[in-house]
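Chemist: compute the structure for the input listed below.
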Amino acid sequence: MVTDVSESRLTMLFTEALIEPLRGWVKAYKPLTLQDAISRARDLQDSVPKNKFPLKTNFPVRDKDRKPFQ
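Modeler: Modelled structure (predicted):
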């Protein structure tokens, strides 16, 4: 476990892992601590628009001629 990570580095890592537009919104507040960034993300998470259509995944097709439940 890493123990020598600065608060600013943890805050940056957290905000960079957020989805857009939440990432931009949290970064705009310039949080100084990880807890500030987490609190802001929680406050704003319900404002993120939901996709009307779910993301498509491109899974490889195996046994494409096989019918389900055979």
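Chemist: quick one: low-confidence residue ranges for the chain.
Modeler: 51-70 (pLDDT under 70).
Chemist: break down it into its helices, ranges please.
Modeler: 7-16, 22-28, 34-44 (DSSP state H).
Chemist: okay, those in JSON lines with mean neighbour count and distance to M1 next?
Modeler: To be clear about C-beta, it is placed using only N, CA and C from the backbone, and glycine gets the same treatment. Formatted as JSON lines, the helices of the chain follow (neighbours: other Cβ atoms under 10 Å; distance: least, Cβ to Cβ, whole Å):
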{"stretch": "helix 7-16", "mean neighbour count": "15", "distance to M1": "13"}
{"stretch": "helix 22-28", "mean neighbour count": "16", "distance to M1": "25"}
{"stretch": "helix 34-44", "mean neighbour count": "16", "distance to M1": "16"}
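Chemist: any chance of the ones you listed in CSV, plus distance to K50?
Modeler: Converted to CSV, the helices of the chain look like this (distance: least, Cβ to Cβ, whole Å):
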stretch, distance to K50
helix 7-16, 21
helix 22-28, 12
helix 34-44, 14
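Chemist: look up how far K30 lies from P21.
Modeler: 16 Å (Cβ to Cβ, to the nearest Å).
Chemist: any idea how far K30 is from D4?
Modeler: Applying Cβ to Cβ to K30 and D4 gives a distance of 24 Å.
Chemist: compare those two (neighbour count), which wins?
Modeler: K30 (11 against 5; other Cβ atoms under 10 Å).
Chemist: backbone phi and psi for that one, please?
Modeler: phi 50, psi 60 (degrees, to the nearest 10).
Chemist: hang on, A37 packs against P31?
Modeler: Yes. Look at A37 against P31 with Cβ atoms under 8 Å: they come within range, at 4.0 Å.
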